[in-house]
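# just need the structure, nothing else, for what follows:
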Amino acid sequence: MKRLLAALLAGHALAAAAQQTPAIDLAAPSATPGITDEVIRKAVRDTIAEDPRPAPAANQQAGVLRAETTTLQSRMTTAFNDAKVPDCLHDDALKLQPARIGPIGVVGPLSLPWIIAAAVRGKCN
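Predicted coordinates for the structure are as follows:
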């Protein structure tokens, strides 16, 4: 109850204060006729001339998003080499179809059946 009474009194005081302040007419011309466009331009030029910082150089690549070219290039090369279908007559012929019998890897001339199977399945060219 006390809060409600305090809120009502505060609202009444704010309304009374708003009625006493004169309204500003924004459409009326300025009371100071000395401010013109030329005066504003001169003030802006003076402010710019006082600024101790040099003007920024025109950067041709400003706003361009770039990645690290060395890491991006190496990642793209690695991804391309991994995605490339290997040649059946080279060392990486069984890259996409490893020659294994269970956990045991088959190497050398014994892997020839796996190379033939990879060529038939299209895992190597």
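
# C-alpha only now, for contacts and for neighbours.
OK.

# shaky segments in the protein?
Scanning the chain for pLDDT under 70 picks out 1, 4-5, 8-9, 11-33, 54-70.

# rerun that using 80 as the cut-off
Counting by pLDDT under 80, the chain shows low-confidence ranges at 1-34, 51-71.

# can you give me the strands in the protein?
Here the chain has its strands, by DSSP state E, at 100-101, 104-105.

# which residues touch the first one?
Contacts made with strand 100-101 from outside it, assessed by Cα atoms under 8 Å, 6 or more residues apart in numbering, are listed as V106.

# that one pairs with which strands, and in what direction?
Counting by DSSP bridges, the strands paired with strand 100-101 are strand 104-105 (antiparallel).

# who touches the partner strand?
P98, A99.

# of the strands of the chain, which is nearest R121?
Nearest of these to R121, taken as Cα to Cα: strand 100-101 at 16.4 Å.

# ok, back up a step: dump the strands of the chain to JSON lines, plus distance to D82 and mean neighbour count.
Supplementary listing: these in JSON lines, determined by distance: least, Cα to Cα, whole Å; neighbours: other Cα atoms under 10 Å:
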{"stretch": "strand 100-101", "distance to D82": "20", "mean neighbour count": "10"}
{"stretch": "strand 104-105", "distance to D82": "21", "mean neighbour count": "9"}
